[in-house]
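Chemist: only geometry, no sequence info:
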């Protein structure tokens, strides 16, 4: 049994424990906080894991500061529904859920309800435009992936709903993503709900301003939802995706805060669009084959890949990615070699994969 302390990287610990089949114990979960123990979104994630697995055991102390988790069998399945709550976005649950479901008995089809954009979690447009195409490439599975936005929901009252479909794999192919390429086009989606339809056009104008002077091929779609599809709270935001000549996708987004007390930059549509563009340009300047939001995703795929060299090129690692490297060493006994390259200011990471296999999927 592996033992950890603290609440950091909670969902990654649960996900890796489920994939590797190793029991874990986490102590001192916010022990020194005024409100110690698990938060509602962490308990919500545990309930989600229970729905897609069979036989897992979760034991939580009376104070909520200690957790014992023994994983079960990953089942997947269809017609599953889960309420993600209003505290964290649906993007908080998607990353570990997809990694777990890849090695299930059945392909996953699940309806998630909650916040589709806003806060610190990636919005569903980022997952649909960047994450799923990346997973198609990394897993070698071009079919079976879908993320359909049925309803949009902004903070604080949420009301969003998405349908996720995820295939299963026998094993992951070797990963080799080292060529960055040059940016050749930018695509995007500006969305709004329960506000004026002109808000999306104003965000597009704010985002295109700097981009038009740098690139000719820029196109941003607009998506304005009304009625039941607009969720329970007003909101708007924009997601931008840069595609390179080597097929890499780099994403960035900005979400508005429809609150009179929020800073002006998060309430004015033109400034929200400009903020997304600035974040996209910053991600591109960092280098690497993907943005910082997806560093953990490719590191996990490399670590779970076949017992041969898996490699990728990334920009400066986030603290979240550094901690994931430690967890991959603890759970999968996978150690990465990190080589800085001064010319491109990027990091070349390589490892020998753990060779994780799905015992439930027949060999083709």
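Modeler: Received it, and whenever you're ready, just let me know what you need. Since this is a predicted model, take the numbers as computed values, not measurements.
Chemist: which stretches of the protein have low pLDDT?
Modeler: For the chain, applying pLDDT under 70 flags the ranges 259-262, 264-265, 361-364.
Chemist: Domain ranges for it, per the record?
Modeler: Domain segmentation of the chain under automatic domain parsing yields 2-166, 183-286, 291-352.
Chemist: could those domains go into a markdown table alongside mean neighbour count and distance to residue 173?
Modeler: The C-beta positions use only the backbone N, C-alpha and C, and glycine is treated the same way. Listed next are the domains of the chain as a markdown table, based on neighbours: other CB atoms under 10 Å; distance: least, CB to CB, whole Å:
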| stretch | mean neighbour count | distance to residue 173 |
| --- | --- | --- |
| domain 2-166 | 19 | 5 |
| domain 183-286 | 19 | 16 |
| domain 291-352 | 18 | 7 |
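Chemist: Export those as JSON lines, with columns for distance to residue 175.
Modeler: Below are those laid out as JSON lines (distance: least, CB to CB, whole Å):
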{"stretch": "domain 2-166", "distance to residue 175": "6"}
{"stretch": "domain 183-286", "distance to residue 175": "13"}
{"stretch": "domain 291-352", "distance to residue 175": "4"}
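Chemist: In three-state terms, label the closest residue to residue 109 other than its chain neighbours for me.
Modeler: Once flanking residues are discounted, residue 109 sits nearest to residue 78: 4.2 Å by CB to CB, 6 or more residues apart in numbering. Judged by DSSP: H, G, I helix; E, B strand; the rest coil, the three-state class of residue 78 is strand.
Chemist: Return the residues in contact with residue 78.
Modeler: Applying CB atoms under 8 Å, 6 or more residues apart in numbering, we find residue 78 in contact with 106, 107, 108, 109.
Chemist: Check residue 135 too.
Modeler: Contacts for residue 135 (CB under 8 Å, 6+ apart) come out as 98, 141, 145, 297.
Chemist: In three-state terms, label the first one for me.
Modeler: The reference is to residue 98. Under three-state DSSP, the three-state class of residue 98 is helix.
Chemist: how near is it to residue 56?
Modeler: Residue 98 sits 18 Å away from residue 56, going by CB to CB, to the nearest Å.
Chemist: Which residue ranges of this protein form helices?
Modeler: 10-20, 40-52, 90-101, 124-126, 132-139, 198-212, 269-286, 295-304, 319-332 (DSSP state H).
Chemist: Need the contact partners of stretch 224-231.
Modeler: Contacts of stretch 224-231 (CB under 8 Å, 6+ apart): 116, 150-154, 157-160, 191-194, 197, 199-200.
Chemist: Let's see that with 7 Å instead.
Modeler: For stretch 224-231, the external contacting residues (CB atoms under 7 Å, 6 or more residues apart in numbering) are 151, 152, 153, 154, 158, 159, 160, 192, 193, 194, 197, 200.
Chemist: Next one: residue 217 from residue 185, what distance?
Modeler: 4 Å.
Chemist: Beta-bridge partners for residue 350, please?
Modeler: For residue 350, the beta-bridge partners are residue 311, residue 337 (DSSP bridges).
Chemist: Give me the most central residue, this protein.
Modeler: By CA atoms, centre = their mean, the chain has its centre lying nearest to residue 95, at 4.3 Å.
Chemist: how near is that residue to residue 357?
Modeler: 21 Å.
Chemist: With respect to residue 177, which of the domains of the chain lies nearest?
Modeler: For the domains of the chain, distance to residue 177 was read as CB to CB. The smallest value, 4.7 Å, belongs to domain 291-352.
Chemist: And that closest one, end to end?
Modeler: With CA to CA, to the nearest Å as the measure, the ends of domain 291-352 fall 23 Å from one another.
Chemist: Relative to the whole chain's centre, how far out is it?
Modeler: 16 Å (CA atoms, centre = their mean, to the nearest Å).
Chemist: before we move on, what about stretch 96-103?
Modeler: Using CA atoms, centre = their mean, the offset of stretch 96-103 from its chain centre is 12 Å.
Chemist: before we move on, back to that, which two among the contacts of residue 135 are spaced furthest apart?
Modeler: Across these, the longest distance by CB to CB is 14.8 Å; it joins 141 and 297.
Chemist: And the closest residue to residue 79 other than its chain neighbours, how far from residue 48?
Modeler: Nearest residue to residue 79, sequence neighbours excluded (CB to CB, 6+ apart): residue 109, at 6.7 Å. To residue 48, residue 109 is 14 Å away according to CB to CB.
Chemist: With residue 102 instead?
Modeler: 16 Å.
Chemist: Could you do residue 168 as well?
Modeler: According to CB to CB, residue 168 and residue 48 sit 18 Å apart.
Chemist: ditto for residue 355
Modeler: Distance of residue 355 to residue 48, given as CB to CB: 27 Å.
Chemist: Just give me the neighbour total for residue 175.
Modeler: Per other CB atoms under 10 Å, the neighbour tally for residue 175 reads 25.
Chemist: who touches it in this structure?
Modeler: Applying CB under 7 Å, 6+ apart, we find residue 175 in contact with 138, 298, 301, 302, 305, 310, 311, 312.
Chemist: Give the closest residue to the fifth one in space, chain neighbours not counted.
Modeler: The spatial neighbour of residue 305 that comes closest, neighbours along the chain excluded (CB to CB, 6+ apart), is residue 353 at 3.4 Å.
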